[in-house]
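Engineer: I'll drop the sequence and a predicted model, then ask my questions.
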Amino acid sequence: MRLPANKEIKAMLIFKTSKETLPKVIVHAKHALMIQPQFEPGEVILIAQTRDELAEGEMPIRYRMEIRRVYEDRDGESEQIFGRKWRYIVEGYNCFALKTPFDISEVQVTRENYRQGGTICHVAPRDAKAIVLGGHLEISL
């Protein structure tokens, strides 16, 4: 299923996730963070498994979801889901496996370095456009 042509992408982010945590992120459509992120509802998240834990030939970006909201974890929800206390939870929706997983370094048109940095990085607008136009957000049903 392709992203509707009239669907405007507000912003696109990459959330890097360990192999151990990835299934929990997908099942719950939630990601946990220690710092309060500044995101808007509807922004697209590319869920990427950290590179050091990929099997040979496995692509890091295999899922996508959209942001519903960000809230402070005051009830220990992150511990229940992830087995560790985090301060903030990013709740998503439309969490789907991608039809064709990819590596952003093979799709990007800019010289941005998406390998460096922390858990989250913003995708440059030109790269986000290349991802959408290239059909890389198509989902597997």
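Structural biologist: In hand now; what should we look at? Worth saying up front: this structure is predicted, and the values here are computed from it rather than measured.
Engineer: Relative to the whole chain's centre, how far out is the longest strand seen in the chain?
Structural biologist: Criterion DSSP state E: the longest strand present in the chain is strand 88-102. What separates the centre of strand 88-102 from the centre of its chain is 6 Å, taken as C-alpha atoms, centre = their mean, to the nearest Å.
Engineer: For the helix or strand encompassing residue 129, report the contacting residues that lie outside it.
Structural biologist: Here residue 129, judged by DSSP states H and E, is contained in helix 125-133. Helix 125-133 has contacts (C-beta atoms under 8 Å, 6 or more residues apart in numbering) with 3, 9, 11-12, 44, 46, 104, 107-110, 112, 123, 137. No exception for glycine: its C-beta is placed from N, CA and C like everyone else's.
Engineer: Contacts for the helix or strand of the chain with the lowest mean pLDDT, please.
Structural biologist: Counting by mean pLDDT, DSSP states H and E, the weakest-scoring helix or strand in the chain turns out to be strand 120-122, with a mean of 92. Strand 120-122 has contacts (C-beta under 8 Å, 6+ apart) with 11, 12, 13, 14, 15, 16, 33, 37, 114.
Engineer: Give me the pLDDT value at the residue of the chain most remote from its centre.
Structural biologist: Relative to the mean C-alpha coordinate of the chain, counting by C-alpha atoms, centre = their mean, the farthest residue is residue 75 (24.1 Å). According to the prediction, residue 75 has pLDDT 96.
Engineer: I'd assumed it was in a strand, is it?
Structural biologist: No - applying DSSP: H, G, I helix; E, B strand; the rest coil, one finds residue 75 to be coil, outside a strand.
Engineer: please renumber so the chain begins at 793
Structural biologist: New numbering, starting at 793: the last item is residue 867.
Engineer: Residue 888 versus that one, what's the distance?
Structural biologist: 27 Å (C-beta to C-beta, to the nearest Å).
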